[in-house]
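Engineer: Only the shape, not the letters, is given here:
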């Protein structure tokens, strides 16, 4: 198996409601787990950024399926490369400012977009995917 990651960005054709985001999270986890795909999907104000990790052929297949999804447009692949280890041990999704107080209890929900980060995380040059994720998070405020 060749461990591989791919990072892309895209824009939603129409904004996702909190309920639609939760459904996307549940469906994505159900689809990705059987093929060993892990990663992180971020959503903020109609913009997506996703990291997919797994066997190269499976990552490419999932990305191909995603690229045909009519709910988003302007898909741009930012990075694709072999990796030594996974950055994300399971598939999760981070989105910002949902009114639901129960969202944190949903399996796979990540507080990534809500964390108070000040740049200290860039010390010691973390991998490129994490830099991209952090840049997305900071610029989408």
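Structural biologist: On my side now, so go ahead. The model shown is predicted, which means the values in this text are computed figures rather than measured ones.
Engineer: from here on, contacts and neighbour counts on C-alpha atoms
Structural biologist: Noted.
Engineer: average pLDDT for the longest helix seen in the chain?
Structural biologist: Longest among the helix segments of the chain by residue count, using DSSP state H, is helix 18-32. In this model, helix 18-32 carries a mean pLDDT of 85.
Engineer: immediately after it, which helix or strand?
Structural biologist: Stepping forward along the backbone from helix 18-32, the first helix or strand reached (DSSP states H and E) is strand 38-44.
Engineer: Where does the prediction get shaky in the protein?
Structural biologist: Of all residues in the chain, those with pLDDT under 70 make up the ranges 91-141.
Engineer: Try it again at 50.
Structural biologist: For the chain, applying pLDDT under 50 flags the ranges 96-102, 116-124, 141.
Engineer: quick one: the longest helix of the chain to strand 38-44, angle?
Structural biologist: Following axes from the mean of the first three to the mean of the last three Cα atoms, to 10 degrees, one obtains 160 degrees for the angle between helix 18-32 and strand 38-44.
Engineer: so what does helix 18-32 touch, helix or strand wise?
Structural biologist: In this structure, helix 18-32 makes packing contacts with strand 91-95, judged by 3 or more Cα pairs under 8 Å, 6 or more residues apart in numbering; DSSP states H and E.
Engineer: okay, now residue 2: neighbour count?
Structural biologist: The number of residues packed around residue 2, counting by other Cα atoms under 10 Å, is 11.
Engineer: sorry, back to before: quick one: buried residues of the longest helix of the chain?
Structural biologist: Within helix 18-32, the residues that count as buried by 16 or more other Cα atoms under 10 Å are 18, 21, 22, 25, 26, 28, 29, 32.
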